[in-house]
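Can you look at this prediction? I've put the sequence above it.
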Amino acid sequence: MVKNLTLFLIPVISSLGCVDEFDFDSGHETPRLVIEGQITTAPGPYTVKITQSRAFSSTDGTGFVPVKEAIVEISDNAGNKETLTPSGTGLDLVYKTSSSGIRGDAGKSYTLTVTIDGNTYQSIPQKIEPAGKIFDLRAAYMTEGMPEFGDYFDIRIDTEDNPDNRKYYRWDWTGTYEIHTEWWRYCENHCCTCLIPPPDCCSVCWVNTFSRDITIADSQTSRLSDFSIAKVDVNSFTFYMKHHLKVNQYSISKDVYAFWDSAKEQIEKTGSIFDNAPSSVKGNIYHIADSTERVLGVFSASDIVSREFFFDNDQITRQLTRPKWFDDCQNIENSTTEKPEFWD
């Protein structure tokens, strides 16, 4: 797993209005402002996360702290704007639009403006370009193994591939699987009598898993036919029963692509999205009155198209054993007892 990199999707992201979050050790003695946000053509709410990086010498083990009492606005070039509302506490603090508020529209440009203690920070305006079409999405079962995988499914996509019309893309995905609690094992480990089973709340759960890699492409330099966008690990928990995958394809601007490309290159070299000063990954947010202040992070505005499918588990050539989960399955990270609409 990549050090110091955490992505949340997304539901990524079930609402498709969330933002990829980076938890990082900044490597800088001078604290820096970190702003992360996005708006898409999918329904909101959308979130913006604002943190202050800690000095590299901080001893409390926290890489950053949330910034409170900021004034956060998203506006478009048609005169529409919305002031976001703080939501959550501590490190979970984000600024959110309302579910019926501003929404991304292809062809319009969007700007993020953040004011903190009289200082105003603004993103470069982001025009939403069409995300194109996903012509095909498929999963090829692979058995040769990888350092972080055993066998896995290679997710490959066919999308618009026109080098004369340069486009920039980013992808993420959400996987969902079902798990059942084994009642007798629950009793064995909780010293209860099997005549009194655990409550119905913990018998069946659906668990989401999210992409963690940065997957991007430039249509002028990448062949987007049969393009690999993800590798999904196969194990007894995730594939003993059926497994659902939803892939999101985002249009992104050239400067957002440059941010992700630099971040990906740096992670591959150092294991952290931000290396030591002075070569931190450059974003598209700046201090209006002080061009010398370096702001970390990125704001993007994207069209989005999605495709989803259930894996063909018949491709799996090895025997999967029944997963042994004997506690409340709600204790599994990103689990829910609410059956997804697409699950039948």
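All right, it came through fine.

Return the set of buried residues in the top strand by length along the chain.
Longest among the strand segments of the chain by residue count, using DSSP state E, is strand 168-180. Under the neighbour-count criterion of 16 or more other Cβ atoms under 10 Å, strand 168-180 has 168-179 buried. C-betas here are computed from N, CA, C, even on glycine.

can you pull out the strands in the stretch 101-250 of the chain?
Remark: strands of the stretch 101-250 of the chain, listed N- to C-terminal, are 109-116, 119-123, 126-127, 134-142, 152-159, 168-180, 204-210, 215-218, 227-233, 243-251; assignment by DSSP state E, counting those that start in this stretch.

Figure out which of the ones you listed is closest to Lys81.
Checking these against Lys81 by Cβ to Cβ gives strand 109-116 as the closest, at 8.5 Å.

Pull out the buried positions in the closest one.
Of the residues in strand 109-116, 110-114, 116 count as buried by neighbour count, 16+ other Cβ under 10 Å.

same thing with stretch 43-55?
When neighbours are counted by 16+ other Cβ under 10 Å, the buried residues of stretch 43-55 are found to be 44-51, 53-54.

Take the residues you listed and keep only those in helices.
Secondary structure defined by DSSP state H assigns none of these to helices.

just those now: which is nearest Glu338?
Closest to Glu338, out of all of the buried residues of stretch 43-55 and judged by Cβ to Cβ, is Pro45, at 19.1 Å.

picking that back up, now tabulate the buried residues of strand 109-116 in JSON lines and tack on distance to Val234 and pLDDT.
Compiled in JSON lines, the buried residues of strand 109-116 are given as follows (distance: Cβ to Cβ, whole Å; pLDDT from 0 to 100):
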{"residue": "Tyr110", "distance to Val234": "39", "pLDDT": "98"}
{"residue": "Thr111", "distance to Val234": "43", "pLDDT": "98"}
{"residue": "Leu112", "distance to Val234": "39", "pLDDT": "98"}
{"residue": "Thr113", "distance to Val234": "45", "pLDDT": "98"}
{"residue": "Val114", "distance to Val234": "42", "pLDDT": "97"}
{"residue": "Ile116", "distance to Val234": "46", "pLDDT": "95"}
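
remind me which residues of the stretch 1-150 of the chain are low pLDDT?
1-30, 54-63, 145-149 (pLDDT under 70).

what phi and what psi does the backbone show at Asp105?
With angles defined as degrees, to the nearest 10, Asp105 shows backbone torsions of phi -140, psi 120.

in terms of contact, does it touch Ile128 like I think?
Yes: Asp105 is within contact range of Ile128, at 6.7 Å (criterion: Cβ atoms under 8 Å).

any shared contact partners between the two?
Common neighbours of Asp105 and Ile128, using Cβ atoms under 8 Å, 6 or more residues apart in numbering, are Thr41.

who's more crowded, the two?
Looking at Asp105 and Ile128 with other Cβ atoms under 10 Å, you find the greater number of neighbours at Ile128, namely 25 against 15.

if I pick that one, what's in contact with it?
Remark: with contacts taken as Cβ under 8 Å, 6+ apart, Ile128 is in contact with 41, 104-110, 251, 301-303.

Can you turn the buried part of these into a PyMOL selection?
Below is the selection syntax for PyMOL that covers the buried ones among those, with 16+ other Cβ under 10 Å defining burial:
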select buried, resi 41+104+108+110+251+301+302+303
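
Export the contacts of Ile128 as a markdown table, with columns for distance to Tyr121.
A markdown table is the format used below for these (distance: Cβ to Cβ, whole Å):
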| residue | distance to Tyr121 |
| --- | --- |
| Thr41 | 25 |
| Gly104 | 21 |
| Asp105 | 24 |
| Ala106 | 26 |
| Gly107 | 26 |
| Lys108 | 21 |
| Ser109 | 18 |
| Tyr110 | 15 |
| Ser251 | 24 |
| Ala301 | 17 |
| Ser302 | 21 |
| Asp303 | 25 |
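
Pick the one among the contacts of Ile128 closest to Gly150.
When the contacts of Ile128 are compared for distance to Gly150 (Cβ to Cβ), Ser302 wins out at 33.6 Å.

Now the closest one: closest residue in space that isn't a chain neighbour?
Tyr250 (4.0 Å; Cβ to Cβ, 6 or more residues apart in numbering).

tell me which of the contacts of Ile128 is nearest to Gly79?
Lys108 (10.6 Å).

who touches Asn165 in this structure?
When the contact criterion is Cβ under 8 Å, 6+ apart, the partners of Asn165 are Ser219.

measure it to Ser251 for me?
For Asn165, the distance to Ser251 (Cβ to Cβ, to the nearest Å) stands at 12 Å.

With Asp164 instead?
Relative to Ser251, Asp164 is positioned 17 Å away (criterion: Cβ to Cβ).

And for Arg170?
From Arg170 across to Ser251, the span is 8 Å (Cβ to Cβ).
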